[in-house]
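Trainee: What would the 3D arrangement of this be:
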Amino acid sequence: MSKRILLIIVIVIFCSFNVFSNGIIEKDSLKPKTISFKIKLKSTDKIKVEVSPLKYNKHFAYSFTLDDGYRSAYLTAFPLLNGGKISKSSINEWKIDQGGDGTTSEGLFYSDGMGNKIPFKLALAINGGSIRDLPENRGHLSWAEVKEMYNAGWDILNHGFHHATKHGTNYLIEVTGNTTSIKQNLNFKMSHFVVPGGEGDEKYYLEYEKDALNNGHFSVASYYGVGPVFKVDSKVDLDKMISARTFVQSSKDTITFKTTDRYLKTLDSIVKQPNTVWFNEFTHGTGNTNLWNLSMRFPDFKYYMTTLANKYGAKGNDSIWMAPWQEVYEYIWLRDRLKIDFQQKNKEVTVTIQLPVIPETFRNYDISLNIETVSKFEIESNQNLKIKSDGKTTHKQISIQL
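Mentor: Numbers count the residues shown, from 1 in each chain. Sure, this is the predicted structure:
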């Protein structure tokens, strides 16, 4: 029996845009559409076409979020993962060291399976009311810093405008006010909410959950809920999702990798399961100080992320899709709603994909298909599709851009 080779097709779907004189980009329409292309096989071997549970056919997706918009995200976490100069010790307005070790990072990567490296990306859960430019030693991010990380593919999640939790909080204003703030300053609309922690009325988080889901947010990370580990090799119920939030934190009294190793051991046990999974975790600061004893000291954070990259990234078995919450959510949402049909006639296979109406707040339009075949191939399309393929090599992957 011939050995079948897994073919991964990565389809990057972009809606059409209009660009106005003020620089704002808006979508023309979000109507359902159908795309098709042909696979020209070198033999008549039968093939099988299926949607991949995760992008690039990865075994697991890992989403990691930094709460509260602390500046250590830009000074340490971003350059470590994306590549660049990590800040040396940096004492902020609260007399807390938000810096790192002052080294230069080459970045931490997984691959797309076509020889291209993709940097690890995280999400930021931010409060618009805390974002500011001054003082120079501020504890929170600036708008320019948030924009730079967003443009690099990091997701921005709603965390309430003032991070308010105490008695008398207007939860609706916290949710919608933060949405307005980010729209005004960064020109996009957030679609996922993270309940801020703190002292508050009993079960105050339920009010946040309700107001977020009723005002344009697709999911909420809260104190209780589903997950944080999701089996994604079958359809996932994403409707008004409320996910349980878990944290990765340094120990309170001493710098030791023993605590970090326990988190890595837990992750390893999840990854070893046969199911394709999505795992989601959080922390706060990533500077040299364990901010509020709810954060990761930079040595721990660097050790943690570097270990993930070396074991599961491009330098390891390349099984990780290190992508933020919104990116993974949108992939699964689209995956579960598109319809794929393929018809084979001898050496020619016609693939037709019917796409759903995609919400306007989505920023990712990617889908991967797995095809089992022993044959090399070429791609043919009479539509305005940009198609890249390594079908003449043993890996066999296709990238399609509308």
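
Trainee: Thought Glu106 was touching Pro79, still the case?
Mentor: No: with contacts defined as Cβ atoms under 8 Å, Pro79 does not count as touching Glu106, sitting 10.4 Å away. (C-beta placed from N, C-alpha, C; glycine too.)

Trainee: Could you check which of these two is surrounded by more residues?
Mentor: Neighbours were counted for Pro79 and for Glu106 using other Cβ atoms under 10 Å; Pro79 has more, 18 against 8.

Trainee: Tell me who's in contact with the residue positioned nearest the centre of the chain.
Mentor: Taking Cα atoms, centre = their mean as the criterion, Pro324 is the residue nearest the geometric centre of the chain, at 2.0 Å. Taking Cβ atoms under 8 Å, 6 or more residues apart in numbering as the criterion, Pro324 is in contact with Ser63, Phe64, Thr65, Lys121, Leu122, Ala123, Gly153, Trp154, Asp155.

Trainee: same thing with Tyr224?
Mentor: When contacts are taken as Cβ under 8 Å, 6+ apart, Tyr224 is in contact with Ile242, Ala244.

Trainee: one more time with 7 Å, if that's ok
Mentor: Contacts for Tyr224 were tallied using Cβ atoms under 7 Å, 6 or more residues apart in numbering; they are Ala244.

Trainee: before we move on, what SS does it have?
Mentor: For Tyr224, the reduced secondary structure class is coil; criterion used: DSSP: H, G, I helix; E, B strand; the rest coil.

Trainee: burial of Gly316, as a residue count?
Mentor: When counting by other Cβ under 10 Å, one arrives at 14 neighbours for Gly316.

Trainee: what's the spacing between it and Leu134?
Mentor: When distances are taken as Cβ to Cβ, to the nearest Å, Gly316 and Leu134 turn out to be 42 Å apart.

Trainee: Val146 reaches Ile131, doesn't it?
Mentor: Yes: the pair Val146 and Ile131 qualifies as a contact (Cβ atoms under 7 Å) at a distance of 6.4 Å.

Trainee: When those two are compared, which one has more neighbours?
Mentor: Regarding Val146 and Ile131, a neighbour count based on other Cβ under 10 Å identifies Val146 as having more, with 23 against 20.

Trainee: measure the more buried one to Val277 for me?
Mentor: With Cβ to Cβ as the criterion, Val146 and Val277 are 30 Å apart.

Trainee: now Glu202
Mentor: The value you get for Glu202 to Val277, if Cβ to Cβ is used, is 33 Å.

Trainee: So for the two, which sits in the more crowded spot?
Mentor: Each of Glu202 and Val277 has its neighbours counted (other Cβ under 10 Å); Val277 has more, 20 against 6.

Trainee: need the strands for the stretch 51-200 of the chain, in chain order.
Mentor: When secondary structure is read from DSSP state E, counting those that start in this stretch, the stretch 51-200 of the chain shows strands at 60-67, 84-85, 104-105, 109-111, 117-119, 123-126, 155-158, 192-194.

Trainee: Report the residue ranges of every domain in this structure.
Mentor: 5-55+343-401, 59-318 (automatic domain parsing).

Trainee: export those to JSON lines and tack on distance to Arg335 and mean pLDDT?
Mentor: Formatted as JSON lines, the entries for the domains of the chain read as follows, by distance: least, Cβ to Cβ, whole Å; pLDDT from 0 to 100:
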{"stretch": "domain 5-55+343-401", "distance to Arg335": "5", "mean pLDDT": "75"}
{"stretch": "domain 59-318", "distance to Arg335": "9", "mean pLDDT": "96"}
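
Trainee: Single out the most deeply packed of those domains.
Mentor: domain 59-318 (a mean of 19; mean count of other Cβ atoms under 10 Å).

Trainee: Start and end of that one, how far apart?
Mentor: Terminal residues of domain 59-318 lie 9 Å apart, using Cα to Cα, to the nearest Å.

Trainee: Also stretch 64-77?
Mentor: Using Cα to Cα, first and last residues of stretch 64-77 are 11 Å apart.

Trainee: swap in stretch 194-210?
Mentor: With Cα to Cα as the measure, the first residue of stretch 194-210 is 12 Å from its last.

Trainee: And the contacts of that stretch?
Mentor: Where contact means Cβ under 7 Å, 6+ apart, the residues beyond stretch 194-210 that reach it are 65, 67, 125, 157-160, 163, 165-167, 169, 171, 220-223, 242.

Trainee: Then stretch 334-352?
Mentor: With Cβ under 7 Å, 6+ apart as the criterion, stretch 334-352 contacts 34, 36-41, 43-44, 46-47, 49, 51, 235-236, 353-356, 358, 367, 369.

Trainee: Please apply the same query to stretch 313-321.
Mentor: 54-56, 58-62, 108-111, 117, 308-310, 312.

Trainee: now with 6 Å?
Mentor: Outside of stretch 313-321, the residues that reach it under the criterion Cβ atoms under 6 Å, 6 or more residues apart in numbering are Leu54, Lys55, Lys58, His59, Ala61, Tyr62, Phe109, Tyr110, Ser111, Lys117, Asn310, Tyr312.

Trainee: What lies in contact with stretch 231-249?
Mentor: Outside of stretch 231-249, the residues within contact range by Cβ under 6 Å, 6+ apart are 53, 209, 213, 219-222, 224-228, 263, 275-278, 281-283, 332-333, 336.

Trainee: Span of that stretch from start to end?
Mentor: With Cα to Cα as the measure, what separates the two termini of stretch 231-249 is 25 Å.
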